[in-house]
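[1] Have a look at this fold, sequence not included:
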Ligand SMILES: NC(=O)c1ccc[n+]([C@@H]2O[C@H](COP(=O)([O-])OP(=O)(O)OC[C@H]3O[C@@H](n4cnc5c(N)ncnc54)[C@H](OP(=O)(O)O)[C@@H]3O)[C@@H](O)[C@H]2O)c1
């Protein structure tokens, strides 16, 4: 059976990961195309066996799904230049941060199915978390196609309203940086407490991995897992009391509110006509 063609516009880091993930799920390399002006990027994905071209228009011509994997700042130019070629039965799957689905349909000049996907950086390691919003023209089959693409590099969920993408951006889009920040602080504290830097790094990172695995695989909520390892009068309680008295939870809440607000501002800027 021939598979519907997926074309990537932009063959950078995210596209390369998604292509690698799709090939790992058994998709035929010949059913994937990638377009990019940079020959070095093209040869990188070309080595995976996919069809490559520097011509965006040619690349989208027979695609069922067009993945828009360029920087948000160039998306408008890219979509506008494809407007005459795109047809109503094609799905546009945009991973460009901040660009509203309505702006993409407006630039495409057609009532196309558009899925706006917010991935995150761990997708580069096959451990991504993506959330997707579909506009009113997306068919159930196209939803399934989008899910298959996003899940090739991790987990994916759907949100019902586009404004939720701002919350998604605050939680999972920017989220990896919050955990890196915590890791940085724990490594620095470990060193201050007398550990050598490599030991502090290994203890911190494996603890982060173990805590994430426990939280994912356990039926208990994170709050319960925390209580389970916090003995009255013990060391963990001593540390958590400092978090509490310094308002760490409130600070995290305020940080995510700021991220969501910034996401909304960027959408207003990037999506303006
Ligand atoms: N990386 C992440 O973790 C992450 C997370 C969330 C969202 N995203 C989104 O994913 C998108 C891609 O990110 P990325 O990290 O993969 O960026 P990237 O590595 O810079 O890839 C973008 C590619 O698009 C190419 N390009 C530029 N203009 C083009 C055009 N007119 N036609 C076709 N290709 C063109 C670029 O070529 P040149 O290098 O020659 O300009 C580059 O190879 C961005 O919109 C970003 O917001 C990424």
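    Nice, thanks for sending it over. This one's a predicted model, so the numbers in the text were calculated from it and none came from an experiment.
[2] how close does residue 12 sit to residue 85?
    22 Å (Cβ to Cβ, to the nearest Å). All C-beta atoms are positioned from the backbone trio N, CA, C, and that covers glycine.
[3] Next: residue 5.
    Residue 5 is 14 Å from residue 85, by Cβ to Cβ.
[4] Which residue is the nearest non-sequential neighbour of the residue in the stretch 101-250 of the chain that the ligand sits nearest to?
    Nearest residue of the stretch 101-250 of the chain to the ligand: residue 121, at 3.6 Å (Cβ to the nearest ligand atom). Nearest residue to residue 121, sequence neighbours excluded (Cβ to Cβ, 6 or more residues apart in numbering): residue 176, at 5.2 Å.
[5] so what's the one you found up against?
    By Cβ atoms under 8 Å, 6 or more residues apart in numbering, residue 176 lies in contact with 120-122.
[6] what residues does this protein put near the ligand?
    9-15, 35-38, 41, 56, 69-72, 74, 78, 95-97, 119-121 (Cβ under 6 Å from any ligand atom).
[7] Roughly how far does the nearest residue in space to residue 64 that is not next to it in sequence sit from residue 117?
    Nearest non-adjacent residue to residue 64, counting by Cβ to Cβ, 6+ apart: residue 4, 3.4 Å away. Noted for residue 4: a distance of 18 Å to residue 117, by Cβ to Cβ.
[8] Name the residue in those two with the higher neighbour count.
    residue 117 (26 against 14; other Cβ atoms under 10 Å).
[9] Name every strand pairing with the helix or strand where the more buried one lies and say which way it goes.
    Residue 117 is part of strand 113-118 when elements are defined by DSSP states H and E. Here strand 113-118 is paired, per DSSP bridges, with strand 91-94 (parallel), strand 128-134 (antiparallel).
[10] related to what we said a few turns ago, format the contacts of residue 176 as TSV; extra columns: neighbour count and secondary structure.
    TSV is the format used below for the contacts of residue 176 (neighbours: other Cβ atoms under 10 Å; DSSP: H, G, I helix; E, B strand; the rest coil):
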residue	neighbour count	secondary structure
120	23	coil
121	18	helix
122	17	helix
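[11] now these in a markdown table, with pLDDT and distance to residue 166?
    Shown next, in a markdown table, are the contacts of residue 176 (pLDDT from 0 to 100; distance: Cβ to Cβ, whole Å):
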| residue | pLDDT | distance to residue 166 |
| --- | --- | --- |
| 120 | 95 | 15 |
| 121 | 95 | 18 |
| 122 | 95 | 20 |
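[12] Make a markdown table out of those residues and add distance to residue 211.
    Below are the contacts of residue 176 laid out as a markdown table (distance: Cβ to Cβ, whole Å):
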| residue | distance to residue 211 |
| --- | --- |
| 120 | 18 |
| 121 | 19 |
| 122 | 15 |
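[13] What distance do you get for the residue of the chain most remote from its centre to residue 241?
    Using Cα atoms, centre = their mean, the residue of the chain lying farthest from its centre is residue 233. It sits 40.8 Å away. For residue 233, the distance to residue 241 (Cβ to Cβ) stands at 11 Å.
[14] With neighbour numbers in mind, choose between residue 5 and residue 85.
    residue 5 (19 against 16).
[15] which stretches of the stretch 1-150 of the chain form helices?
    13-24, 39-46, 56-60, 72-82, 101-108, 140-151 (DSSP state H, counting those that start in this stretch).
[16] Quick check: buried residues in the second one?
    Within helix 39-46, the residues scored as buried using 16 or more other Cβ atoms under 10 Å are 41-42, 44-46.
[17] what's the answer for the shortest one, then?
    Within helix 56-60, the residues that qualify as buried by neighbour count (16+ other Cβ under 10 Å) are 56, 59-60.
[18] again, but for the first one
    For helix 13-24, a neighbour-count test (16+ other Cβ under 10 Å) marks 14-19, 21-23 as buried.
[19] Show me where this protein dips below the pLDDT cut-off.
    Applying pLDDT under 70 to the chain picks out residues 1-2.
[20] centroid residue for it?
    residue 119 (0.9 Å).
[21] dump the residue contacts of that one.
    Per Cβ under 8 Å, 6+ apart, neighbours of residue 119: 14, 95, 128-130, 150, 153-154, 173.
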